[in-house]
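A.B. asks: structure of the sequence below:
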Amino acid sequence: MTNSGLVNEGTNTQTFIFNSMKITVDIDDQHYDEFLELLKTLDYAKASHEYEIPEWQQNIVRERFEKIDRGETELHDVDDVMKRVFGKK
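C.D. replies: Below you'll find the model as predicted:
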């Protein structure tokens, strides 16, 4: 694909210009770094890592922080929880 294309040459010429295109690729975690390095070697491609946290999930986290601030819930050390739940030392 070129950056610009010309079709229907003649009196009714149409020009199509392609500035950029975005694609989504699902990559296994184990291959992500390797794939990203491959993309960096391509002079016509730009790779960026974007992750959008859904609004509903942000709201849940905000609510949890607000409960902590109001003293309605408390935090527990993960090692202590593991000991209580699984009896691990």
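
A.B. asks: what is the lengthiest helix in the chain packed up against?
C.D. replies: The longest helix of the chain (DSSP state H) is helix 55-70. With contacts defined as 3 or more C-beta pairs under 8 Å, 6 or more residues apart in numbering; DSSP states H and E, there are no secondary structure elements packing on helix 55-70. Where you see a C-beta, it was placed from the backbone N, CA and C, and this is true even at glycine.

A.B. asks: could you point out which element follows it?
C.D. replies: From helix 55-70 onward toward the C-terminus, using DSSP states H and E, the following helix or strand is helix 78-86.

A.B. asks: how far does that following helix sit from its chain's centre?
C.D. replies: Averaging C-alpha positions (C-alpha atoms, centre = their mean, to the nearest Å) puts helix 78-86 32 Å from its chain's average.

A.B. asks: how about stretch 63-80?
C.D. replies: 28 Å.

A.B. asks: and the average pLDDT for it is what?
C.D. replies: Computed over stretch 63-80, the mean pLDDT rounds to 92.

A.B. asks: then that stretch to PDB, C-alphas only?
C.D. replies: Once side chains and other backbone atoms are set aside, the C-alpha atoms of stretch 63-80 remain, and they are given as PDB (Å, rounded to 0.1, in the frame of the first residue of the first chain):
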ATOM      1  CA  GLU A  63     -15.500   3.600  45.500                       C
ATOM      2  CA  ARG A  64     -13.100   1.300  47.300                       C
ATOM      3  CA  PHE A  65     -10.700   4.200  48.000                       C
ATOM      4  CA  GLU A  66     -13.500   6.300  49.300                       C
ATOM      5  CA  LYS A  67     -14.500   3.500  51.700                       C
ATOM      6  CA  ILE A  68     -10.900   3.300  52.900                       C
ATOM      7  CA  ASP A  69     -10.800   7.000  53.400                       C
ATOM      8  CA  ARG A  70     -14.100   6.900  55.400                       C
ATOM      9  CA  GLY A  71     -12.800   4.100  57.600                       C
ATOM     10  CA  GLU A  72     -15.500   1.700  56.300                       C
ATOM     11  CA  THR A  73     -13.000  -0.900  55.200                       C
ATOM     12  CA  GLU A  74      -9.400  -1.800  55.900                       C
ATOM     13  CA  LEU A  75      -6.400  -3.100  54.000                       C
ATOM     14  CA  HIS A  76      -4.700  -6.400  54.800                       C
ATOM     15  CA  ASP A  77      -1.200  -7.500  54.100                       C
ATOM     16  CA  VAL A  78      -1.200 -10.100  51.300                       C
ATOM     17  CA  ASP A  79       1.200 -12.400  53.200                       C
ATOM     18  CA  ASP A  80      -1.000 -12.300  56.300                       C
END
